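A.B. asks: Sequence first, predicted coordinates after that:
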Amino acid sequence: MPPPAPVTAEATRLEALSKYDVLDTEAEPQFDFIVRLASELTGSPVAVLNLIAEDRVWTKAAVGLPQGRQMIREQAYCSLVIDSPQGLHIVDLRQDARTQHLALTVDKGFVMYSGVPLCASCGRPIGTLAVLDTIARRLTDRQLDWLEQLAHQAMALLELRRKQRELQEAQAELQRLANTDALTGLMNLRAWQEANVLERERLERWGEGHAVIALDLDHFKKVNDTHGHAAGDAVLRAVGSLLARSFRKLDSVARIGGEEFGVLLPHTGAADAAVLAEQLREALSELQIPFGNLELRISASIGVAHSSEASPEGTQALADERSYAAKRSGRDRVVSTTEPLDP
């Protein structure tokens, strides 16, 4: 097996750029402020903060040019900066062989360019802060120092922006984990209870009914005792997958106990909920669950209740009661709002 190809400096640079997730984003005041300062402190009519992608240059903030503009990388002065750690400072672009033929020189009439790199934490430049003028001149040492300091500030803002985004993503993931059953990927009991509280509040405010389906797997203990807990886990995952794809996005589907599941159906009438529950029962009875050389089968006792039958807090309890009635009356069946609780 051949050794992996070495990671190039350009690949490292592009990977660093992608982590900032800044390309093609909206204007942000703090970056606009930096280019305004760069323009005023250097006396330059144009100042730009550019990000350099694989084949294009995109402008995050600018004075004298549009924000959000992009151009082919080979036509941009800043593409030369990433290979120059100290930046690129050209007094007369018309006299420099690297820039005299570029469209910005020929068509836009730019003469002076002074740009410094925006270096990521990996040490590679991901963009530039630059100023341009239509006359030939050299920035003073003090102006160059200001430009470099502003570039450091721009990079610090990009770092802060990246860390804030990563923190938000981590918080969202923690929230997801706190509300998700690890085995099935469905809501856990905590999230299920919160969903029911929200639905009860909606019911009290708008008066629109909802239904609850309570599902209890039949003879689940026998699966564990006969084939082991790994087989039981396989069954739970398969049932969770079936439930997840059987209902609408606005429905709340949860594993609320060991082999107990619940479905909250907003804007759903009693008859429709009973039909959905029967369809679910049939799908479960037909489910074939591979486990090693075996094919496991499962059924469920299902109860259905509607908010018109009980208090807002009692609908779930009524659905649970009916699922127990389904189990007592022979299992693999649905006891719905139109059926008696006992056989």
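C.D. replies: Received it, and whenever you're ready, just let me know what you need.

A.B. asks: For this protein, which segments count as helices?
C.D. replies: For the chain, applying DSSP state H gives helices covering 9-20, 29-42, 78-81, 103-106, 141-178, 189-206, 220-227, 229-246, 270-285, 315-328.

A.B. asks: Same list (these) but as CSV, adding mean pLDDT.
C.D. replies: Compiled in CSV, these are given as follows (pLDDT from 0 to 100):
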stretch, mean pLDDT
helix 9-20, 91
helix 29-42, 97
helix 78-81, 88
helix 103-106, 89
helix 141-178, 92
helix 189-206, 87
helix 220-227, 93
helix 229-246, 95
helix 270-285, 95
helix 315-328, 94
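
A.B. asks: In this structure residue 211 contacts residue 267, no?
C.D. replies: No. The pair residue 211 / residue 267 is not scored as a contact, 9.4 Å apart, by C-beta atoms under 8 Å. For glycine as for every other residue, the C-beta is placed from the backbone atoms N, C-alpha and C.

A.B. asks: picking up where we left off before, nearest to residue 128 among the helices of the chain would be which one?
C.D. replies: helix 78-81 (4.0 Å; C-beta to C-beta).

A.B. asks: From the rest of the structure, what touches the closest one?
C.D. replies: 48, 50, 52, 57, 73, 87-88, 98-99, 115-117, 125, 127-128, 130 (C-beta atoms under 8 Å, 6 or more residues apart in numbering).

A.B. asks: Which one (most neighbours) among these?
C.D. replies: Sorting those by how many neighbours each has (other C-beta atoms under 10 Å) puts residue 127 first, at 31 neighbours.

A.B. asks: Quickly note the distance from that residue to residue 57.
C.D. replies: Separation of residue 127 from residue 57 (C-beta to C-beta, to the nearest Å): 8 Å.

A.B. asks: Please identify every residue contacting each of the two.
C.D. replies: 50-51, 78.

A.B. asks: Tabulate the residues you listed (TSV), appending distance to residue 198.
C.D. replies: Shown next, in TSV, are these (distance: C-beta to C-beta, whole Å):
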residue	distance to residue 198
50	46
51	42
78	51
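
A.B. asks: now, among those residues, which is nearest to residue 176?
C.D. replies: Checking these one by one against residue 176 (C-beta to C-beta), the nearest turns out to be residue 51, at 30.5 Å.

A.B. asks: For the closest one, which residues count as its bridge partners?
C.D. replies: residue 58, residue 127 (DSSP bridges).

A.B. asks: so what's it up against?
C.D. replies: 17, 22-23, 57-60, 118, 126-127 are the contacts of residue 51 under C-beta under 8 Å, 6+ apart.

A.B. asks: what do you get if the cut-off is 10 Å, keeping everything else the same?
C.D. replies: Neighbouring residues of residue 51 by C-beta atoms under 10 Å, 6 or more residues apart in numbering: 17, 20, 22-25, 57-60, 70, 78, 118, 126-128, 158.

A.B. asks: same thing with residue 156?
C.D. replies: Contacts of residue 156 (C-beta under 10 Å, 6+ apart): none.

A.B. asks: can you list the domains in the chain?
C.D. replies: In terms of domains, the chain is parsed into 9-163, 189-335 (source: automatic domain parsing).

A.B. asks: Residue 183: which of those domains is closest?
C.D. replies: Nearest of these (C-beta to C-beta): domain 189-335, 5.5 Å.

A.B. asks: What's the local residue count around residue 179?
C.D. replies: 17.

A.B. asks: And it, how far from residue 189?
C.D. replies: For residue 179 relative to residue 189 (C-beta to C-beta), the value is 10 Å.

A.B. asks: overlap in contacts of these two?
C.D. replies: By C-beta under 10 Å, 6+ apart, the residues touching both residue 179 and residue 189 are residue 254.
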